[in-house]
Each structure stands twice: as C-alpha cells, then as structure tokens.
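Asks: need a structure here:
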Amino acid sequence: MKIEINKITDILKSNDEFEIYTHKNPDGDAVASAFALAMVLQSLDKTASVKCCDPFPEKFNYLIQDFKNDNLENPILVGVDIAGIGRLGDYSDKNITVCIDHHSSNKCEIENTYLEENAVSCSLILYKIFKYMEIEIPKSVLELVFAGIVTDSSCFQLSSTNAEAYAITAELADRIDTHSIINNIFLSKDKNELKVEQELLKSFSYHNNDQLVIAYLRNETISLIGKNNTGGLSAIVMKSTGIKLGVTILEKTPNIFNLSFKSSYFDVSVIASTFGGGGHENSAGAIVETNNLNELIKNIIIHANKLYKFS
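Replies: Numbers count the residues shown, from 1 in each chain. Coordinates of the predicted model:
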C-alpha cells in the first residue's frame with residue numbers, strides 16, 4: 001500500500017529499532033540508501049543495522065567504514081531501493097513491512113510503501129524524508145546521498161537526472177566535497193579495472209544501423225575485480241555516438257548473466273520485463289541463467305526489434 005511522506009516519517013519517528021535491507025548485487029544507490037537511513041536513525045538515538053545478501057562494492061567502503069550494526073531485539077524491517085521482494089535474494093523470506101523506493105516497476109506489495117517514481121535515486125528520496133523530519137543530517141549521510149545520486153544517474157548522464165536532482169545536488173555541494181566522491185566512484189581506477197574495461201570494449205557488437213550495441217564480460221574476466229565491483233561498466237556502452245539502446249551482459253557467476261539495459265530513447269523496463277526483470281524507463285536490468293551466451297544475445301536482438309523502432 002502506497003503511503004505519503006508524513007506516514008513514512010511517522011514510522012521512523014515512532015519506532016526505535018530498524019533492520020534495513022537492500023537488494024542483491026548492491027550498487028552505489030543501494031549502499032547509500034541503506035547506510036544513510038541507518039546512520040540517521042542512530043543519530044536520533046535509535047538502533048539500526050544493515051543487511052544485504054551480497055558484499056557491498058569496495059569503492060564505497062570509505063563512506064561506510066565507521067558504521068557499526070546495532071544488536072536488535074524486535075526491529076521494524078525496512079527495504080530500500082528494492083523493486084521486488086525477489087531482489088532481496090537470500091533475504092526474500094523476511095517480513096519486510098516498510099519499503100522506500102523509486103522504481104516505477106515496483107511490485108513489492110509491502111504494507112507501507114513510500115514510492116517516488118520520478119526520483120533519480122532512492123538516496124535522494126531519503127534526503128527529502130530527512131529534511132521533512134527537520135533533523136540535523138550528518139555530513140557522512142550527505143556524502144552517501146550524493147554518492148547514490150551520481151551512481152544512479154551515471155554521473156548525471158541519464159535523462160532521469162531531472163531539475164530536482166540538480167537542485168538537491170547544489171544543496172549538497174555547499175556542505176561536502178562532491179569532486180572527491182565523483183573521482184573515487186568514476187575516475188580513479190586500478191590496472192585490473194582498466195583491463196576489465198578494455199575487455200568490455202573489445203566485446204562490443206553493433207546492430208540496427210549501429211543504434212543497438214551489446215557488450216559482455218565472462219566470469220573469468222570479472223573475477224579480476226570481483227563481481228561486486230562492476231558498477232559503472234554498463235554506462236560504457238552508451239558512449240558511442242548514435243546509440244539508442246545499450247545492453248551490457250555480465251557473467252558474475254558461471255552461467256548466470258546480469259543484463260543491464262540503458263537508453264535515452266526507449267522505455268527499457270519493457271525489455272527487461274521480458275527477461276524477468278524490471279527497473280526504470282532509462283535504466284533497467286534482469287538476471288538470466290543459461291549456458292549459451294550467443295543464444296542469449298540473439299534473443300536480446302529479437303526482443304529489441306519487436307519492442308522498439310530503430311531508424
């Protein structure tokens with residue numbers, strides 16, 4: 001059931017223990033949303049812990065290294081940045097009663113769901129909730145919020161980066177070093193990260209008058225950096241001029257492929273749903289298990305031609 005912002009703030013104010021869950025294969029916005037909420041709750045003398053079935057990407061460790069999970073007895077279970085209960089992975093059986101999210105494809109059907117479909121990131125929504133609560137927001141939380149915004153907007157490159165995102169970014173820039181966060185997330189790379197990017201570029205295949213590009217990485221290549229440190233790779237496919245649909249296929253586990261769809265022209269949540277996934281209009285994903293990568297690529301091309309009009 002969808003609720004208003006006053007209801008979600010009432011829940012946060014009137015309870016004292018919170019166990020916060022985010023989605024498997026967490027990205028920057030998942031990290032930012034979960035830990036920003038937990039840190040704010042702890043700053044209000046409440047207890048909180050963060051749960052995820054997969055490790056968090058190492059590049060965000062410096063933003064969360066001082067956080068410590070509290071011991072909880074009877075917490076409220078909160079899901080952040082989750083479009084569906086299945087996205088919780090090993091924690092999908094948990095009785096989540098509160099959800100804060102920004103996915104238009106949200107299918108959680110959680111009792112208390114606060115959803116802003118036009119928000120560029122879930123962390124941005126949490127920032128608005130904190131402001132509505134009229135509380136002092138710690139600097140560490142502001143840094144996380146900004147990290148979540150730049151991650152889910154691909155550093156302001158996606159068309160989902162609306163006026164609200166820029167306005168809130170301007171507010172954050174007055175209090176934190178936004179440049180160092182962007183450098184740590186997008187610009188600073190070690191030799192293995194650069195090698196993985198090179199391999200991704202080598203895999204590029206172009207279709208539909210060069211308006212559809214598909215790239216992939218196999219498991220042995222991803223192992224150079226670890227499956228939880230692939231954030232940002234999917235943005236590379238959109239760098240070619242004239243691309244209308246970019247698809248990145250990452251084999252994070254043998255024969256299990258993470259599909260990422262990006263576009264500024266098409267609603268990619270549609271094609272993601274055909275593969276059992278979902279997401280946003282400009283950015284969506286799915287997970288497919290197969291031992292035939294070539295067949296998977298063929299199916300993606302077939303579905304893209306059925307769903308979208310390429311000139």
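
Asks: so how far is the helix or strand in which N294 is found off the chain centroid?
Replies: Applying DSSP states H and E as the criterion places N294 in helix 293-307. Between the centre of helix 293-307 and the centre of its host chain there is 24 Å, according to CA atoms, centre = their mean, to the nearest Å.

Asks: And for it, what's in contact with it?
Replies: The list of residues contacting helix 293-307 from outside it, by CB atoms under 8 Å, 6 or more residues apart in numbering, reads 205, 207-208, 212, 214, 216, 218, 245, 247, 249, 251, 257, 259, 266, 270-271, 274-275, 288, 290, 310. For glycine as for every other residue, the C-beta is placed from the backbone atoms N, C-alpha and C.

Asks: hmm, which of those are the buried ones?
Replies: 207-208, 212, 214, 216, 245, 247, 249, 251, 257, 259, 266, 270-271, 275, 288 (16 or more other CB atoms under 10 Å).

Asks: Closest to G84 out of these?
Replies: G84 has its nearest neighbour among those in F275, at 13.8 Å by CB to CB.

Asks: Now the closest one: phi and psi?
Replies: Per-residue torsions, F275: phi -110, psi 20 (degrees, to the nearest 10).

Asks: swap in the one 3 residues further on?
Replies: Phi and psi for G278, reported as degrees, to the nearest 10, are phi 180, psi -170.

Asks: wait, isn't it in contact with G86?
Replies: No - shown here, G278 and G86 do not form a contact pair, counting by CB atoms under 8 Å, at 10.1 Å.

Asks: And those two? Which one has more around it.
Replies: More crowded of G278 and G86, by other CB atoms under 10 Å: G278, with 21 against 15.

Asks: How about the more buried one: what's its closest non-neighbour residue?
Replies: In this structure, G278 finds its nearest non-sequential neighbour in S105, 3.5 Å apart by CB to CB, 6 or more residues apart in numbering.

Asks: check contacts around that neighbour.
Replies: Neighbours of S105 in contact, by CB under 8 Å, 6+ apart: 83-84, 269, 272-273, 278-280, 284.

Asks: Export the residues you listed as TSV, with columns for pLDDT, distance to I300 and secondary structure.
Replies: Supplementary listing: the contacts of S105 in TSV, determined by pLDDT from 0 to 100; distance: CB to CB, whole Å; DSSP: H, G, I helix; E, B strand; the rest coil:
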residue	pLDDT	distance to I300	secondary structure
A83	86	20	coil
G84	86	21	coil
S269	92	15	helix
A272	94	11	helix
S273	93	13	helix
G278	84	16	strand
G279	82	15	strand
H280	81	18	coil
A284	89	13	strand
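
Asks: how about those residues, which pair is most distant?
Replies: G84 and H280 (13.6 Å).

Asks: So for those two, which sits in the more crowded spot?
Replies: Neighbour count, other CB under 10 Å: between G84 and H280, H280 has more, with 24 against 18.

Asks: The more buried one contacts N106, correct?
Replies: No - H280 is beyond contact range of N106, at 10.6 Å (criterion: CB under 8 Å).

Asks: Let's test this: name the helix or strand in this structure with the lowest mean pLDDT.
Replies: Ranked by mean pLDDT, DSSP states H and E, the weakest helix or strand in the chain is strand 278-279, scoring a mean of 83.

Asks: Show me what that one pairs with in its sheet, parallel or antiparallel.
Replies: Strand 278-279 has its sheet partners listed here by DSSP bridges as strand 283-289 (antiparallel).

Asks: what's next to the partner strand, contact-wise?
Replies: 105, 152, 154, 158, 160, 234, 255-262, 268-269, 271-273, 275-279, 296.

Asks: can I get the CA coordinates of that strand in PDB?
Replies: C-alpha atoms of strand 283-289 as PDB (Å, rounded to 0.1, in the frame of the first residue of the first chain):
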ATOM      1  CA  SER A 283      17.900   2.100 -16.900                       C
ATOM      2  CA  ALA A 284      16.700  -1.500 -16.100                       C
ATOM      3  CA  GLY A 285      18.000  -5.000 -15.600                       C
ATOM      4  CA  ALA A 286      17.400  -8.700 -15.400                       C
ATOM      5  CA  ILE A 287      19.200 -11.900 -14.500                       C
ATOM      6  CA  VAL A 288      19.200 -14.900 -16.900                       C
ATOM      7  CA  GLU A 289      20.600 -18.300 -16.300                       C
END
